[in-house]
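Q: what follows is a predicted structure for the sequence shown.
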Number of protein chains: 2
Amino acid sequence: MITSTTNPLMKELRRIQARKVPGRFIAEGEDLVQAAVAAGWTPEHHLRADLEVDGAVLAKVSGLGSGTRELAVYAERWGEPQGPLAVALWGVKDPGNVGTIIRGALAFGAGSVIIGPETADPFGPKAVRASMGAIFAVPVARAAAIDALPGTTIALAARSGDVLAGPWPAERGPVTVVVGAERQGLPPSVVNSCTMAAHIPIASESLNAAMAATLALYELSRVGGA
Amino acid sequence: MITSTTNPLMKELRRIQARKVPGRFIAEGEDLVQAAVAAGWTPEHHLRADLEVDGAVLAKVSGLGSGTRELAVYAERWGEPQGPLAVALWGVKDPGNVGTIIRGALAFGAGSVIIGPETADPFGPKAVRASMGAIFAVPVARAAAIDALPGTTIALAARSGDVLAGPWPAERGPVTVVVGAERQGLPPSVVNSCTMAAHIPIASESLNAAMAATLALYELSRVGGA
């Protein structure tokens, strides 16, 4: 059992937590580790308090305020952008929003979550936590330009374009919803690069980016309706 | 200008921040204070850094980690449960979720957000912040029993009941969506007290309580569709 915070693996874990080790990330807590198992991921390291490592030593490498009883290290997996339904994030800077969108993507059957420019790291600790384990189940991909996205691209804009109305029928091919920054939304140049713009009709000024993205995935994947 | 942290008003503000002064709450930051103005609320106190109060002194009463340049004190307003569309929270313990649901209620035109048993304080600092100012625009009410809720009551359950399908036509009268605790959802006794149970069809295990509530309000208030 590891009993020292200066143990080389403990040092490595702190570097991974700080996202200083390319390609490696940590999931903390029984729920996330279980989600990884359920999705068929094998950890590179799996550490439980007072089994593989002293509880107090493990708490020191925890990213959670309250410490943790269990954590595991995984290799990042990056896939290709794919539909039939996808969501692309263009400037979503809050890692909690990125994780929440990954969770919504799993709920509504998205084929991938595509990380565009100026978007928070989906394998960072806050995003992984907010995903509630969905990070292990939904393919995550990168894209640098709108024309790299699958199928029809719908710019989710605050007030412009049509009312977003699903469901999106399979015969129309893949569709990607493009979601912009928390406050500013998508810049006009990005909106213009998309096939179309659409909005979720709301009575108020704005919706949270994660909420808007999830509502759009819900609407496009809707079973019933016109 | 107030320059001392021991000033009686500064002491009072700290007690309000801690929710120790019944009926009073604080909104922090220009955006929230502006939202209050836009909704016609008059603050009991309005304090700006280096105008009414020294910036460093104001930072000491801030509930935000980074301090604040502006805050105001308001009297809580509690209304009656009312529709035509309402959402009732039954055990939503996370104040961030409560605030996010209030924001969603504003977006989709709910007549009230009804705070049921074991639910976080909607006027607490985290809920007010998460509401993004919607706390000033949506009536908040209390209820202790399901039969105090307006119109038809729909228990939002994870997998039971029908698929939730909107829109809810005006001729069916008011409707209230009842949302349960973050992990456990609604207890069977509460589900049985509601007119019906319904769920949002998802491919994954669960949705965040705020996401589920907002999706339900979106679905029931939907303009088009079958």
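A: It's in.
Q: state the mean pLDDT of stretch A:24-42.
A: Model confidence over stretch A:24-42 averages 96 on the pLDDT scale.
Q: go ahead and name everything in contact with it.
A: A:13, A:16-17, A:19, A:43-44, A:46, A:62-64, A:68-76, A:123-125, A:128-129, A:132-137 (C-beta atoms under 8 Å, 6 or more residues apart in numbering or on different chains). For every residue, glycine as well, the C-beta is placed using N, CA and C.
Q: pull out the buried members of those.
A: A:13, A:16-17, A:43, A:46, A:62-63, A:68-74, A:123-125, A:128-129, A:132-137 (16 or more other C-beta atoms under 10 Å in any protein chain shown).
Q: chain B next: which of the residues you listed are close?
A: A:132, A:134, A:137 (C-beta under 8 Å from any C-beta of the partner chain).
Q: apart from its neighbours in sequence, what residue is nearest the first one?
A: This means A:Met132. Computed as C-beta to C-beta, 6 or more residues apart in numbering or on different chains, the closest residue to A:Met132 that is not its neighbour in sequence is A:Arg103, at 5.2 Å.
Q: confirm that neighbour sits in a helix?
A: Yes - under DSSP: H, G, I helix; E, B strand; the rest coil, A:Arg103 falls within a helix.
Q: residue contacts, the closest residue to A:Glu70 other than its chain neighbours?
A: With sequence-adjacent residues excluded and distances taken as C-beta to C-beta, 6+ apart, A:Glu70 is closest to A:Arg48, at 4.9 Å. Taking C-beta under 8 Å, 6+ apart, we find A:Arg48 in contact with A:58, A:69-70.
Q: could you check how far A:Arg48 is from A:Ala39?
A: 19 Å (C-beta to C-beta, to the nearest Å).
Q: so for A:Val61, what's the pLDDT?
A: For A:Val61, pLDDT reads 89.
Q: against chain B, how distant is the residue nearest to it when sequence neighbours are not counted?
A: Leaving aside its sequence neighbours, A:Val61 sits nearest to A:Leu13 (C-beta to C-beta, 6+ apart; 4.3 Å). The gap separating A:Leu13 from chain B is 26 Å, by C-beta to the nearest C-beta, to the nearest Å.
Q: so where does the residue nearest to A:Glu70 fall, helix or strand?
A: strand A:45-48 (DSSP states H and E).
Q: torsion angles phi and psi at A:Val175?
A: Main-chain dihedrals, A:Val175, degrees, to the nearest 10: phi -140, psi 140.
Q: nope, A:Cys194 is what I was after
A: The phi/psi pair for A:Cys194 (degrees, to the nearest 10) is phi -80, psi 160.
Q: and what of the one 5 residues further on?
A: In this entry, A:His199 is assigned phi and psi values of phi -140, psi 160 (degrees, to the nearest 10).
Q: what about the residue nearest to A:Lys126 when sequence neighbours are not counted, how many residues nearby?
A: The spatially closest residue to A:Lys126, leaving aside those adjacent along the chain, is A:Pro95, at 3.8 Å (C-beta to C-beta, 6+ apart). Using other C-beta atoms under 10 Å in any protein chain shown, A:Pro95 is surrounded by 21 other residues.
Q: what of A:Pro84?
A: Neighbours of A:Pro84 (other C-beta under 10 Å): 18.
Q: can you pull the contacts of it?
A: So A:Pro84 contacts A:111, A:150-151, A:170, A:173-175 (C-beta under 8 Å, 6+ apart).
Q: using JSON lines, lay out the residues you listed together with pLDDT and distance to B:Pro117.
A: Below are these laid out as JSON lines (pLDDT from 0 to 100; distance: C-beta to C-beta, whole Å):
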{"residue": "A:Gly111", "pLDDT": "97", "distance to B:Pro117": "41"}
{"residue": "A:Pro150", "pLDDT": "97", "distance to B:Pro117": "46"}
{"residue": "A:Gly151", "pLDDT": "97", "distance to B:Pro117": "47"}
{"residue": "A:Ala170", "pLDDT": "93", "distance to B:Pro117": "45"}
{"residue": "A:Gly173", "pLDDT": "97", "distance to B:Pro117": "48"}
{"residue": "A:Pro174", "pLDDT": "98", "distance to B:Pro117": "45"}
{"residue": "A:Val175", "pLDDT": "98", "distance to B:Pro117": "42"}
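Q: and those, which is closest to chain B?
A: A:Gly111 (11.5 Å; C-beta to the nearest C-beta).
Q: thought the closest one was touching A:Ala141?
A: No - counting by C-beta atoms under 8 Å, A:Gly111 stays clear of A:Ala141, with 9.5 Å between them.
Q: need the overlap of contacts for these two.
A: The contact lists of A:Gly111 and A:Ala141 share A:Gln82, where a contact means C-beta under 8 Å, 6+ apart.
Q: before we move on, the earlier item: the residue nearest to A:Val61 reaches A:Ser62, doesn't it?
A: No - applying C-beta under 8 Å, one finds A:Leu13 not in contact with A:Ser62, separated by 9.3 Å.
Q: now do the shared contacts for the two.
A: A:Leu71.
Q: show me what secondary structure element comes after the lowest-mean-pLDDT helix or strand in chain A.
A: Of all helical and strand segments in chain A, the minimum by mean pLDDT, DSSP states H and E falls on helix A:55-61, at a mean of 91. Going down the chain from helix A:55-61, the next helix or strand is strand A:70-75, by DSSP H and E.
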